[in-house]
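*Asks:* Build me a structure from this.
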Amino acid sequence: MRTIPAVRELHQRYQAQGLVVIGVHSPEFQHEHAVNNVKDAIARLDVPYPVALDNDFATWNAFRNRYWPALYLIDKRGVMRYTHIGELRQSTAGWTEVTELIETLLKE
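*Replies:* Now for the predicted structure:
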């Protein structure tokens, strides 16, 4: 939840240039499996991009993910180009790294 403001900003800043943000919710707790609870959280947290519910951890496992949260940048060919592990916040080194790479990928 603490990363959503940064991801929202990335979505708003780069969407018109071609960035597609897709959230994947892999539930940690039992109540997070219920689609209505997830929908309520998406509305409450003002998440403007689509969010997939990964109750069976298929996406989690396909990415060999082990972290909450994790951010993956995938280029237009479907090649994973970057992984950010942990929270992402504006005005940090991680933020600068992510935004610079997004700008590079959008130019490609």
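*Asks:* and the strand or helix carrying residue 39, what does it pack onto?
*Replies:* Using DSSP states H and E, residue 39 falls within helix 35-44. On a contact count with 3 or more CB pairs under 8 Å, 6 or more residues apart in numbering; DSSP states H and E, helix 35-44 meets strand 51-53. Every residue, glycine included, has its C-beta placed from N, CA and C.
*Asks:* Pull the residues that contact the next helix-or-strand element following the strand it packs on.
*Replies:* Once the chain leaves strand 51-53, the next helix or strand it forms, by DSSP H and E, is helix 58-62. Helix 58-62 is contacted from outside by 24, 26, 52, 54, 65, using CB atoms under 8 Å, 6 or more residues apart in numbering.
*Asks:* I'd say the third one and residue 24 touch.
*Replies:* In other words, residue 52. Yes: assessed by CB atoms under 8 Å, residue 52 is found in contact with residue 24 at 5.0 Å.
*Asks:* ok, these two, which is more surrounded?
*Replies:* More crowded of residue 52 and residue 24, by other CB atoms under 10 Å: residue 24, with 18 against 13.
*Asks:* Report the distance from the helix or strand where that one lies to the chain centre.
*Replies:* Take DSSP H and E as the rule and residue 24 turns out to sit in strand 23-25. Chain-centre distance of strand 23-25: 7 Å, with CA atoms, centre = their mean, to the nearest Å.
*Asks:* What's the per-residue pLDDT of the nearest residue to residue 37 once chain neighbours are set aside here?
*Replies:* Distances taken as CB to CB, 6 or more residues apart in numbering put residue 31 closest to residue 37, at 5.6 Å, once the chain neighbours are dropped. At residue 31, the pLDDT value in this model is 91.
*Asks:* Am I right that residue 31 is in a helix?
*Replies:* Yes: under DSSP: H, G, I helix; E, B strand; the rest coil, residue 31 falls within a helix.
*Asks:* Sweet, I'm off.
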